[in-house]
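Asker: Fold the following and give me the result.
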Amino acid sequence: MPPSSLPPDQLPAHTTAPAIQPTTLAGQHVELVPLALEHEDGLIAAAQDGKLWELWYTLIPNPEGMKAEIERRLGLQKAGSMLPFTVIDRASGRIAGMTTYMNIDAISPRVEIGSTWYAQSVQKTPLNTEAKLLLLGHAFEQLNCLAVEFRTHAFNHRSRRAIERLGARLDGVLRNHMRSPNGTLRDTYVYSIICSEWPVVRAHLQGKLDRP
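Answerer: This is a model prediction of the structure:
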């Protein structure tokens, strides 16, 4: 029986989560570094690559709101509910976007990978695949998570396809989950990968990166 199927009092000791602390995750294509205020200019430049804030179904900050968004994420980090990263494109050395562990549940333990966005020029490149491989690997292999969750707007079809390509399964849809900044009601698609699925997902993602 996989660990995820066991009752709580029979879970093996290795599923106890260590403290989730800021860390750097590095691969061949991407480096994820702890978010810092000094990343503001680079993040503004990344968001301007495609004017990402104009996508109504996302919550990507515009240049004027970038500092406030960085401060918001750092505040959530201080409160223990988020671990935010700045995404660095190793080929160019430039900042390419943001991602996080969020809705951290250190007891279960489980996390959500979310609040992610990338400059338009690095979308559909190995950068996102490797970033997810690094985040999932750290979550399952170092933080001992039982599950990793992903959420996205029902109308964000690109995000939904990307999550499904990872191998995540749809858990359900939260109808009228929240109100978007433009006033429209948002349905949220909820996906997850559980610990017993991680070896297959890891091999799948590594295979994608190894393709010429």
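
Asker: which helices and strands does the lowest-mean-pLDDT helix or strand in the chain pack with?
Answerer: The least trusted helix or strand in the chain, going by mean pLDDT, DSSP states H and E, turns out to be helix 157-166, with a mean of 91. Judged by 3 or more C-beta pairs under 8 Å, 6 or more residues apart in numbering; DSSP states H and E, helix 157-166 is in contact with helix 126-137, strand 147-153, strand 185-194, helix 198-210. (Glycine included, C-beta is placed from N, CA and C.)

Asker: Columns mean neighbour count and mean pLDDT on top of those, output as JSON lines?
Answerer: Formatted as JSON lines, those follow (neighbours: other C-beta atoms under 10 Å; pLDDT from 0 to 100):
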{"stretch": "helix 126-137", "mean neighbour count": "22", "mean pLDDT": "96"}
{"stretch": "strand 147-153", "mean neighbour count": "22", "mean pLDDT": "96"}
{"stretch": "strand 185-194", "mean neighbour count": "18", "mean pLDDT": "96"}
{"stretch": "helix 198-210", "mean neighbour count": "14", "mean pLDDT": "96"}
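
Asker: Which of the ones you listed sits closest to residue 111?
Answerer: strand 147-153 (5.9 Å; C-beta to C-beta).

Asker: Can you dump the C-alpha atoms of that closest one in CSV for me?
Answerer: Extracted C-alpha coordinates of strand 147-153, given in CSV (Å, rounded to 0.1, in the frame of the first residue of the first chain):
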residue,chain,number,x,y,z
ALA,A,147,1.1,15.8,-2.3
VAL,A,148,1.8,18.9,-4.4
GLU,A,149,-1.1,20.9,-5.7
PHE,A,150,-1.6,23.2,-8.7
ARG,A,151,-4.4,25.6,-9.2
THR,A,152,-5.4,27.8,-12.2
HIS,A,153,-8.2,29.8,-13.7
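
Asker: got the angle between the least confident helix or strand of the chain and helix 126-137?
Answerer: 60 degrees (axes from the mean of the first three to the mean of the last three C-alpha atoms, to 10 degrees).

Asker: which residues of the chain score low on pLDDT?
Answerer: Filtered on pLDDT under 70, the chain yields the residue ranges 1-18, 56-57.

Asker: at 80 what do you get?
Answerer: 1-19, 55-59, 181-182, 212 (pLDDT under 80).

Asker: mind listing the strands for it?
Answerer: Applying DSSP state E to the chain gives strands spanning 25-26, 30-34, 82-89, 95-105, 110-118, 147-153, 169-179, 185-194.

Asker: gap between the fifth one and the chain center?
Answerer: Its chain's average C-alpha position is 2 Å from that of strand 110-118, according to C-alpha atoms, centre = their mean, to the nearest Å.

Asker: do the last one as well
Answerer: The chain centre lies 13 Å from the centre of strand 185-194; the measure is C-alpha atoms, centre = their mean.

Asker: Skipping adjacent residues, who's closest to the spatially most central residue of the chain in space?
Answerer: The structure's the chain has its C-alpha centroid closest to residue 113; by C-alpha atoms, centre = their mean the separation is 2.9 Å. Once flanking residues are discounted, residue 113 sits nearest to residue 135: 5.3 Å by C-beta to C-beta, 6 or more residues apart in numbering.
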